[in-house]
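Engineer: Kindly return the folded structure for what I paste below:
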Amino acid sequence: MHREHLRLSASRFQGAACLSRRACRASAILSLVCVFVLLTACATPLATNGDTTPPTIAITSPTSGSSYTTGSAGLSISGSAADNVGVTQVTWSNSRGGSGTALGTTSWRIGGLTLQSGDNVLTVTAHDAAGKMVSKTLTVTYTTNPTPPTITSTGPAAGATNVATTSAISVTFNQAMDPTTITNSTFFVSGVSGSIHYSGTTATLTLSSALSASTTYTVTVTTGVRDVAGNPLSSNQVWSFVTGAQKTAHVQTVFVILMENNNWSDIHGSSSAPYINNTLLPMASHAEQYFNPPSNHPSLPNYLWLEAGTNFGILDNNAPSANSQDTTRHLVDLLQANDISWKTYQEGITGSDCPLTDVGLYAVRHNPFVYFNDVTDNQSATSANCISHVRPFAELATDLAAKTVARYNFITPDLCNDMHDPCDPLNDPIAQGDTWLSQHLPPMLASSAYQSGGAIFIVWDEAGTGDGPIGMIVLSPFAKGQGYQNTISYTHSSTLRTMEEIFGVAPLLGSAASDTDLSDLFAVFP
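Structural biologist: Numbering: from 1, shown residues only. Below you'll find the predicted structure:
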């Protein structure tokens, strides 16, 4: 009896132990499953918690701008996106109907978009793994205009005679054109090469070298030129002009254009500066070793140096109220004393007063003339002398057309256009300045002031890093041009000395007395 009880007890104990082991194994397995599920569920949040950086997105084709016009009802767009966590998808929508997901993420493409007549606002949105998103818009105008384009004016005009040998050739249409159809095979002058720029409704052919004197030239625009709706010219347009006899002269009119805060290595060869690199440099002379004066920073000291050959000990950007000068030993004072006309065209001013302080995108530190009391009548906002010489940039086009420009013209774009600040829609200072030059240089190059003895100097005020080199580009009928470059060491004193030699004024101011002039960039100087 006792042994039977013991066997029963042992059996029960073993069964209980067995149950306990099974329970433990099941519990362990359940715990492992829970841990796996929790880790899987938490994997994404653990990777993205705390991510506050949204993705970025850019549209690169058919344009990087904010608007585009087409005559086709179908469109493809493409671009890029980036994110520190990872771009998960790019979606799109059209304000006129339609939406979907792009092919690709960091490099994406949307094909087969259907446009409606008029404006279509296309929105592309990049999404990241943290749920953040950012959008970019492109307004596409689909025009169904069936009217073929016509040419409303040409320069030189058909049958014109005595045309300057440095003339640019231009043609203006009655409507917006497709610039990709205006090429050297659809717009050309017989026996002449050059580069073409299209802006507004005008195409300009800038010649790579001067025309021959007393020669008849024929211009052709073919039916390969089309408007934005795809309509071609109804027939080839052909006209001729005759150049004038060769004249022996020297520089009569100077235009100095100031750009901002970039080393020459940032500009030369940059994809953000196609007009400078592909149009201007092949026809211009330029310097490879031009520097701002040693340690001469920030902007104001360099603008003062271009006017007086010194910074007067100023190494800041303060307004004329703190930095005005009583001296009369500066360039425009010498010009006035010799009855040589001058003006500065400042973008962003009204012209109703003497602009002595920053206003909007106008920076007074980029206007050296208002720092001299003989120009401003001792910092008077109502100074008649200042107001007559310091004019809004918009007036330059009027003065060029009326042939009333001064002999010395100093041009300052605003902070968005001088390569200083990033501004919408490009947000690329170099591209902004390059675009501005592409819009405003062609009318200057086509003007009689330039063609009959002008010189345009495009120079940067200071280097973005160190003292340079910075850019100096010279365009003139008297420049060596055709892509000529040298490695002579220059500074702003060189430019000031060159101005004094061109206009024949003395004494040489400040460091201009000891620096090398820019004469090597010219075939005829001064």
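
Engineer: Okay, buried residues for stretch 335-345 please.
Structural biologist: Across stretch 335-345, burial judged by 16 or more other Cβ atoms under 10 Å covers 335-336, 340, 342-345. C-beta coordinates here come from the backbone N, C-alpha and C atoms, glycine included.

Engineer: Just give me the closest of these to S80.
Structural biologist: Of all the buried residues of stretch 335-345, S80 sits closest to Y345, with 38.4 Å by Cβ to Cβ.

Engineer: Am I right that the closest one sits in a strand?
Structural biologist: Yes: Y345 forms part of a strand when assessed by DSSP: H, G, I helix; E, B strand; the rest coil.

Engineer: so what's it up against?
Structural biologist: Y345 makes contact with 391-393, 395-396, 409-412 under the criterion Cβ atoms under 8 Å, 6 or more residues apart in numbering.

Engineer: N236: which of the buried residues of stretch 335-345 is nearest?
Structural biologist: Closest to N236, out of all of the buried residues of stretch 335-345 and judged by Cβ to Cβ, is Y345, at 39.3 Å.

Engineer: Run through the bridge partners of that closest one.
Structural biologist: Y345 has these beta-bridge partners by DSSP bridges: R391, I411.

Engineer: Could you measure from N317 over to D266?
Structural biologist: Using Cβ to Cβ, to the nearest Å, we find N317 at a distance of 21 Å from D266.

Engineer: what does A401 give?
Structural biologist: Taking Cβ to Cβ, one finds A401 at 34 Å from D266.

Engineer: Name the residue in the two with the higher neighbour count.
Structural biologist: Counting neighbours by other Cβ atoms under 10 Å for A401 and for D266 shows that D266 has the greater number, 20 against 12.

Engineer: so what's the backbone phi/psi at the more buried one?
Structural biologist: Per-residue torsions, D266: phi -80, psi -20 (degrees, to the nearest 10).

Engineer: Helices of the stretch 151-300 of the chain, residue ranges please.
Structural biologist: Ranges of helices within the stretch 151-300 of the chain are 264-267, 274-275, 281-283, 299-308, based on DSSP state H, counting those that start in this stretch.

Engineer: before we move on, back to that, would CSV of the contacts of Y345 with pLDDT and neighbour count be doable?
Structural biologist: Listed next are these as CSV, based on pLDDT from 0 to 100; neighbours: other Cβ atoms under 10 Å:
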residue, pLDDT, neighbour count
R391, 98, 19
P392, 98, 16
F393, 98, 20
E395, 98, 15
L396, 97, 21
N409, 98, 24
F410, 98, 27
I411, 98, 21
T412, 98, 26
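
Engineer: Let me see the contact set for the closest residue to I77 other than its chain neighbours.
Structural biologist: Among residues not flanking I77 along the chain, I110 sits closest, at 5.2 Å (Cβ to Cβ, 6 or more residues apart in numbering). For I110, the contact set (Cβ under 8 Å, 6+ apart) comprises 76-78, 92, 100, 102-103, 124.

Engineer: In contact with N261, which residues?
Structural biologist: 299, 419-420, 460-464.

Engineer: Quick one: mark the members of the residues you listed that sit in strands.
Structural biologist: Using DSSP state E, W460 are the members of these that sit in strands.

Engineer: For the contacts of N261, work out which two are farthest apart.
Structural biologist: With Cβ to Cβ as the measure, no two of the contacts of N261 lie farther apart than H420 and A463, at 13.4 Å.

Engineer: what residue ranges in the stretch 1-150 of the chain score low on pLDDT?
Structural biologist: Applying pLDDT under 70 to the stretch 1-150 of the chain picks out residues 1-50.

Engineer: err, the stretch 151-300 of the chain, not the other one
Structural biologist: Applying pLDDT under 70 to the stretch 151-300 of the chain flags residues 246-249.

Engineer: Tell me who's in contact with the residue nearest to S107 when sequence neighbours are not counted.
Structural biologist: Excluding the flanking residues, the one nearest S107 by Cβ to Cβ, 6+ apart is S80, at 5.7 Å. When contacts are counted by Cβ under 8 Å, 6+ apart, S80 touches 57-58, 60, 106-108.

Engineer: Got phi/psi on S80?
Structural biologist: phi -140, psi 160.

Engineer: And it, how far from A126?
Structural biologist: The value you get for S80 to A126, if Cβ to Cβ is used, is 9 Å.

Engineer: Quick check: neighbours shared by these two?
Structural biologist: With Cβ under 8 Å, 6+ apart as the test, S80 and A126 both reach I57.

Engineer: Now do the strands in the stretch 251-400 of the chain.
Structural biologist: For the stretch 251-400 of the chain, the strands defined by DSSP state E, counting those that start in this stretch occupy 253-259, 285-290, 342-346, 390-392.

Engineer: Go through those and name the closest to V405.
Structural biologist: Taking Cβ to Cβ, strand 253-259 is the member of these nearest to V405, at 6.5 Å.

Engineer: Summarise which helices and strands that closest one is packed against.
Structural biologist: When contacts are defined as 3 or more Cβ pairs under 8 Å, 6 or more residues apart in numbering; DSSP states H and E, strand 253-259 sits against helix 299-308, strand 408-412, helix 429-446, helix 448-451, strand 454-460, helix 492-503.

Engineer: what does it contact?
Structural biologist: Contacts for strand 253-259 (Cβ under 8 Å, 6+ apart): 303, 306, 366, 405-413, 418-419, 433, 437, 444, 449-450, 453-461, 471, 495, 499, 502-503.

Engineer: what's the angle between it and strand 342-346?
Structural biologist: Angle, strand 253-259 to strand 342-346, by axes from the mean of the first three to the mean of the last three Cα atoms, to 10 degrees: 30 degrees.

Engineer: what lines up beside strand 253-259 in the sheet?
Structural biologist: Assessed with DSSP bridges, strand 253-259 is paired to strand 408-412 (parallel), strand 454-460 (parallel).

Engineer: Just put those in TSV and tack on distance to I151.
Structural biologist: Output for those, formatted as TSV (distance: least, Cβ to Cβ, whole Å):
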stretch	distance to I151
strand 408-412	30
strand 454-460	27
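
Engineer: Out of these, flag the one nearest A287.
Structural biologist: strand 454-460 (9.2 Å).

Engineer: so G483 makes contact with P282?
Structural biologist: Yes: contact status for G483 versus P282: in contact at 5.1 Å, counting by Cβ atoms under 8 Å.

Engineer: Settle it for me: which of these two has more neighbours?
Structural biologist: Set side by side, G483 and P282 show more neighbours around P282, with 16 against 12, by other Cβ under 10 Å.

Engineer: And the more buried one, how far from T180?
Structural biologist: P282 is 21 Å from T180, where distance means Cβ to Cβ.

Engineer: And for V370?
Structural biologist: 44 Å.

Engineer: Pairing partners for F241 in the sheet, please.
Structural biologist: Under the criterion used (DSSP bridges), F241 bridges to Y217.

Engineer: count of neighbours near it?
Structural biologist: Neighbours of F241 (other Cβ under 10 Å): 23.

Engineer: Could you pull up the residues touching it?
Structural biologist: 156-161, 163, 216-217, 219.

Engineer: The same query, at a cut-off of 6 Å, please.
Structural biologist: Residues in contact with F241 (Cβ atoms under 6 Å, 6 or more residues apart in numbering) are 156, 160, 163, 217.

Engineer: Kindly report the same for N373.
Structural biologist: Going by Cβ under 6 Å, 6+ apart, N373 touches 324, 326.

Engineer: Next one, pLDDT for it please.
Structural biologist: pLDDT for N373: 98.
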